[in-house]
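*Asks:* model the following, please.
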Amino acid sequence: MLAHALARPATLGAGRLICLDGPAGAGKTTLAQRLRELAPDAVVLGTDEMLAGWRGLPGLAATVEALLRPLATGRPGRWPRWDWTEDRWAGEQVQQPVPLLVLEGVGCYSPRYAELVTTLAWVEASPATRARRAARRDGDAFAEHWATWLADEERLHAETGTRRHADVLVRTEDRDLGSQA
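*Replies:* Numbering: from 1, shown residues only. Got it, this is the predicted structure:
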């Protein structure tokens, strides 16, 4: 995936953008960490902090687009950061243009800014694997939100056709994600 992105022309101004999208618990964050190890100059942003809480998926594309459009012209991009503990917006973050930006998170890709994406990876795992990972990661803390979140992400991915547009498909299950980067 990294080789795919680096072999393609820059799409985000002078930089490249990798989007790691897919359902919750599929392994996007782990894969993003692996990419950062392989490309230490890469900046990884998780879109979870760009959501307006548990029902924030519908507004995510506008937030990401507002971050990316200035970067595409060589200017800093900005995004509001959601504080999950306080359940409110907690200030604005600034991202300077970089050679490689990796966005990871449910809904990080949108057709609204498809021309800025160098490589789109769809990361997936079986529902059972994803549920196991979510339980291991979050315990019972977010169990009450899980069913609603899954329905929201399924609806969003159906609307955007993200998997269909992917350059790379990564099926993780419980294996090592290092070989996929």
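
*Asks:* buried stuff in the longest helix seen in the chain?
*Replies:* When the chain is parsed with DSSP state H, its longest helix is helix 143-160. By 16 or more other CB atoms under 10 Å, the buried positions in helix 143-160 come out as Trp146, Trp149, Leu150, Asp152, Glu153, Leu156, His157, Thr160. Every residue, glycine included, has its C-beta placed from N, CA and C.

*Asks:* give me the mean pLDDT for it.
*Replies:* Averaged across helix 143-160, the pLDDT comes to 88.

*Asks:* buried residues of the helix or strand that that helix is followed by, list them for me.
*Replies:* Sequence order places helix 162-165 as the next helix or strand after helix 143-160, per DSSP states H and E. Within helix 162-165, the residues scored as buried using 16+ other CB under 10 Å are Thr162, Arg163.

*Asks:* what's next to helix 162-165, contact-wise?
*Replies:* With contact meaning CB atoms under 8 Å, 6 or more residues apart in numbering, helix 162-165 is reached by Asp21, Gly22, Gly107, Tyr109, Pro111, Ala114, Leu120, Trp122, Glu124, His157, Leu169.

*Asks:* using PDB, write out every CA atom in the helix or strand bottoming out on mean pLDDT in the chain.
*Replies:* Ranked by mean pLDDT, DSSP states H and E, the weakest helix or strand in the chain is helix 127-138, scoring a mean of 79. C-alpha atoms of helix 127-138 as PDB (Å, rounded to 0.1, in the frame of the first residue of the first chain):
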ATOM      1  CA  PRO A 127     -18.100  -9.200  12.100                       C
ATOM      2  CA  ALA A 128     -17.100 -11.700  14.800                       C
ATOM      3  CA  THR A 129     -13.400 -10.600  14.600                       C
ATOM      4  CA  ARG A 130     -14.400  -6.900  14.700                       C
ATOM      5  CA  ALA A 131     -16.700  -7.400  17.700                       C
ATOM      6  CA  ARG A 132     -14.000  -9.300  19.500                       C
ATOM      7  CA  ARG A 133     -11.500  -6.500  18.800                       C
ATOM      8  CA  ALA A 134     -13.900  -3.800  19.900                       C
ATOM      9  CA  ALA A 135     -14.600  -5.600  23.200                       C
ATOM     10  CA  ARG A 136     -10.900  -6.100  23.800                       C
ATOM     11  CA  ARG A 137     -10.200  -2.400  23.000                       C
ATOM     12  CA  ASP A 138     -13.100  -0.700  24.700                       C
END
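
*Asks:* how about residues contacting that helix?
*Replies:* With CB under 8 Å, 6+ apart, helix 127-138 has contacts from Pro23, Ala24, Gly25, Ala26, Gly27, Ala125, Phe142, Trp146, Thr172, Glu173, Asp174.

*Asks:* what ranges do the strands span in this protein?
*Replies:* Secondary structure of the chain (DSSP state E): strands located at 16-21, 43-46, 77-83, 88-95, 100-104, 119-124, 168-171.
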